[in-house]
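S.K.: Next one to model:
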Amino acid sequence: VQLQAYGGGLAQPEGSLRLSCAGASGFDIYNYAIAWFRQAPGKEREWISCITSSGETTVYADSVKGRFTISRDKSKNTVFLQMNSLKPEDTAVYYCAAGIQLGSSQNEYDYWGQGTLVTVSS
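M.R.: Numbers count the residues shown, from 1 in each chain. Reported below is the predicted structural model:
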């Protein structure tokens, strides 16, 4: 596991959480594009957002556009996923992944984190 995703937990509907993704065991994410994926119980893993190594370009899945914001702090070598207006259907294990190029396919990312669970429930 080269990446570490953390910040998950329990949130109420319409609430917010911020996830973080950082390199683990000496892995440096500075020059990598980073993506967030999620996998809900009984469903396939889906891509939700990604950001270039520079942080200048971000892309979102329609399901989270306008509610989630991806960003990166180069000085802290960390990528964030700010999740607002959460819905019960956002409940999933969230994974971050690193790759050379930006994309929405799991195959485009070579390094993965262990996942962090987000539960949205009242």
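S.K.: Distance check, the residue nearest the centre of the chain against Ile70.
M.R.: Compute the mean C-alpha point of the chain, and by C-alpha atoms, centre = their mean the closest residue is Trp36, 2.9 Å away. Per C-beta to C-beta, to the nearest Å, Trp36 is found 7 Å from Ile70. Where you see a C-beta, it was placed from the backbone N, CA and C, and this is true even at glycine.
S.K.: still on that earlier bit, which strand residues bridge the residue nearest to the centre of the chain?
M.R.: For Trp36, the beta-bridge partners under DSSP bridges are Ser49, Cys96.
S.K.: And Gly113, by the same measure?
M.R.: Assigned bridge partners for Gly113, using DSSP bridges, are Leu3.
S.K.: overlap in contacts of Trp36 and Ile70?
M.R.: 49-50, 81 (C-beta atoms under 8 Å, 6 or more residues apart in numbering).
S.K.: out of these, who's nearest Lys65?
M.R.: Each of the shared contacts of Trp36 and Ile70 was checked against Lys65 using C-beta to C-beta; the closest is Ser49, at 8.8 Å.
S.K.: from memory the closest one sits against Gly66, does it?
M.R.: No - using C-beta atoms under 8 Å, Ser49 is not in contact with Gly66; the gap is 11.8 Å.
S.K.: neighbour count winner among the two?
M.R.: Legend: neighbour count by other C-beta atoms under 10 Å for Ser49 and Gly66, higher for Ser49 (23 against 9).
S.K.: Now for that one: which residues touch it?
M.R.: 35-36, 58-61, 64, 68, 70, 81.
S.K.: State the distance from the nearest residue to Thr78 once chain neighbours are set aside to Thr52.
M.R.: Setting aside the residues directly before and after it, Thr78 is nearest to Ala22 in space (C-beta to C-beta, 6 or more residues apart in numbering), at 4.8 Å. Counting by C-beta to C-beta, the gap from Ala22 to Thr52 is 17 Å.
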